[in-house]
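[1] here is my input, please return the structure:
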Amino acid sequence: MSDDFPLRPFLPADAMALRDLFAQSIEELTADDYDEDQRLAWAASAEDAADFRARLGSMLTLVVNLDGEYLGFGSLKDNKTIEMLYVHPDFAGEGVGTAIADALERIAHARGAEAITVDASDTAVPFFERRGYTAMQRNSVPRDDQWLSNTTMVKPFKASNAKASAPAKPS
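    Alright, predicted model coming up:
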């Protein structure tokens, strides 16, 4: 866990602020890769506050909140998939996303995942490539009357030392 960006579990009271952060992140950080209609359709997936709260609560969701300000959040689904990773535009490139991704990867590995996957937006692909993820396939995802592209990426975890140092079976 980063001392600069302390992480904590999602609380239901976070939902409204995270919904706003989600929309701001999409609007401001993805404009080079998605047109306005696509960004609006994407952000609209969080319009229903109760559904968004339930979605975040159904996964392991970590939040970075520093001095009362929400800097980012990320969710781990089924202990093997980064389902969401969003950073407030004012803090993009400052290490918030890295702190969240580091924590989610460590949790997935500790819970037995052999690899971690993400369906990365076109904007996020370079971030995940720098972290050692490999592109596996391109996807087109329907959102309202729009299609958004993303890339399924995977990062295998190294075998644990316990497995590597197991004694050899006699021949």
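
[2] pull the distance from stretch 102-119 to the chain's centre.
    Distance of stretch 102-119 from the chain centroid (Cα atoms, centre = their mean, to the nearest Å) equals 11 Å.

[3] for that stretch, buried residues please.
    Asp102, Ala103, Leu104, Glu105, Ala108, His109, Ala113, Ile116, Thr117, Val118, Asp119 (16 or more other Cβ atoms under 10 Å). The C-beta positions use only the backbone N, C-alpha and C, and glycine is treated the same way.

[4] okay, now Asp144: neighbour count?
    A count of neighbours around Asp144, defined by other Cβ atoms under 10 Å, yields 12.

[5] grab the nearest non-local neighbour of it.
    Ala41 (4.2 Å; Cβ to Cβ, 6 or more residues apart in numbering).

[6] and that neighbour, how far from Leu60?
    27 Å (Cβ to Cβ, to the nearest Å).

[7] what's the answer for Phe127, then?
    Distance from Phe127 to Leu60, by Cβ to Cβ: 20 Å.

[8] circling back to that earlier point, which pLDDT does the model give the residue nearest to Asp144?
    For Ala41, the pLDDT comes out at 97.

[9] element containing it, please.
    helix 36-43 (DSSP states H and E).

[10] Pro126 now?
    Applying DSSP H and E, one finds Pro126 within helix 125-130.

[11] any buried residues in that helix, and which?
    Counting neighbours by 16+ other Cβ under 10 Å, helix 125-130 gives Val125, Phe127, Phe128 as buried.

[12] so what's the backbone phi/psi at the residue nearest the centre of the chain?
    The centroid of the chain falls nearest to Leu85 when counting by Cα atoms, centre = their mean (2.7 Å). Phi and psi for Leu85, reported as degrees, to the nearest 10, are phi -150, psi 110.

[13] tell me what the closest residue to it other than its chain neighbours is bridged to.
    Ranked by Cβ to Cβ, 6+ apart and with sequence neighbours excluded, the top spatial neighbour of Leu85 is Gly74, at 4.2 Å. The partner list for Gly74 in beta bridges (DSSP bridges) reads Leu62, Leu85.

[14] my guess is Ala99 contacts Arg8. True?
    No: judged on Cβ atoms under 8 Å, Ala99 makes no contact with Arg8 at a distance of 11.9 Å.
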